[in-house]
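1. Structural data only, the sequence is not supplied:
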């Protein structure tokens, strides 16, 4: 076989390279473009943990077990259980909205913009958080007042009431469900005006104290530490890896060169 001249080989290689370039560029550019267009995809692992992990289920049951113990102790020490109240958040504390978030994530829709929430309140079918119904029914049987304080839309209150009633939760009424309007701290004050609040339950820190509302994360962490004795005693917090004020916070990595070693 006669060898082709070097210049011919050069041009042949260049031509093949040019032919290959569009496909190669597409292979590298497409994922980058897809990632840019689907920023919400960064929440996939957190949402998968929230919806699918047995660990989250265990944490939710653990929280309600602790709440039951604390409520029983409060009732035992009280002269009149009807003067006691528990205040609980709804979303990701009593009811599970992860199906909405998963749908939006699959459509690359940024779900924490909350622009798909109103249709969900009207037509969605949230599930119960494990342990929620059992705990709330127990509180009801003890004669303790239940107040549901949530930042769901007050103008759509009839839909939230219908959802809670369909799920079979106790003490669901216009009076017992306090939705978005005044900040939660003010709605809790309405409850404490004629009841002793013995437990607060929620997945977001402003479910517990006004100092957590619209404050920087470092201040939130400082308040968490300052109120260490209340966690698991008066304040029962539930896991929520799907959304929160922390979701855009930068990660802090180990400042060391990566070393790869095989086991």
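-> Cool, got the structure. Remember, predicted model here, so these are calculated numbers, not experimental data. Residues are numbered from 1 along each chain as shown.

2. Quick check: longest strand in this protein by residues?
-> Assignment by DSSP state E gives strand 145-153 as the longest strand of the chain.

3. Neighbouring strands - and their directions - for it?
-> Applying DSSP bridges, strand 145-153 is found paired with strand 84-88 (parallel), strand 177-180 (parallel).

4. what's that strand in contact with?
-> The contact list for strand 145-153, computed with Cβ atoms under 8 Å, 6 or more residues apart in numbering, reads 82, 84-91, 94, 117-118, 121, 136, 139-140, 160, 164, 170-172, 176-180, 184, 187-188, 191, 195, 207. In this view, the C-beta of every residue, glycine as well, is placed from N, C-alpha and C.

5. Stretch 192-207 too?
-> With Cβ under 8 Å, 6+ apart, stretch 192-207 has contacts from 63, 67, 70-71, 74, 78, 83-89, 91-94, 144-145, 149, 183-185, 188, 191, 208, 212-213, 220, 223-224, 234-240, 244-245.

6. Can you get me the start-to-end distance on that stretch?
-> Stretch 192-207 has its terminal residues 14 Å apart, counting by Cα to Cα, to the nearest Å.

7. got the angle between whichever helix or strand comes after the longest strand of the chain and strand 145-153?
-> Sequence order places helix 157-166 as the next helix or strand after strand 145-153, per DSSP states H and E. Counting by axes from the mean of the first three to the mean of the last three Cα atoms, to 10 degrees, helix 157-166 lies at 130 degrees to strand 145-153.

8. So for helix 157-166, mean pLDDT?
-> In this model, helix 157-166 has an average pLDDT of 98.

9. Relative to the whole chain's centre, how far out is that helix?
-> Once both centres are worked out by Cα atoms, centre = their mean, to the nearest Å, helix 157-166 turns out to sit 20 Å from its chain's centre.

10. Stretch 48-55 now?
-> In terms of Cα atoms, centre = their mean, the centre of stretch 48-55 is found 12 Å from the chain centre.

11. Mind listing what's buried along that stretch?
-> Neighbour-count burial for stretch 48-55 flags 50, 51 (criterion: 16 or more other Cβ atoms under 10 Å).

12. same check, this time on stretch 208-224
-> For stretch 208-224, burial by neighbour count (16+ other Cβ under 10 Å) applies to 208, 209, 212, 220, 224.

13. pLDDT wise, what is the residue lying closest to the third one once chain neighbours are set aside at?
-> When you say that, I think you mean residue 212. Distances taken as Cβ to Cβ, 6 or more residues apart in numbering put residue 205 closest to residue 212, at 3.6 Å, once the chain neighbours are dropped. At residue 205, the predicted lDDT confidence score is 97.

14. Give me the phi and psi for residue 205.
-> Here is the backbone geometry of residue 205 (degrees, to the nearest 10): phi -70, psi -30.

15. Around it, count how many other residues there are.
-> 21 (other Cβ atoms under 10 Å).

16. Look up how far residue 151 lies from it.
-> With distances taken as Cβ to Cβ, to the nearest Å, residue 205 is found 13 Å from residue 151.

17. Please list only the buried members of the contacts of stretch 192-207.
-> Buried subset of the contacts of stretch 192-207 (neighbour count, 16+ other Cβ under 10 Å): 63, 67, 70-71, 74, 78, 84-89, 91-94, 144-145, 149, 184-185, 188, 191, 208, 212, 220, 224, 235-240, 244-245.

18. hang on, the earlier thing: the strands paired with strand 145-153: which one's closest to residue 261?
-> Relative to residue 261, the nearest member of the strands paired with strand 145-153 by Cβ to Cβ is strand 84-88, separated by 47.9 Å.

19. How far away from the center of its chain is the closest one?
-> 21 Å.

20. Mind checking the pLDDT average for that strand?
-> In this model, strand 84-88 has an average pLDDT of 98.
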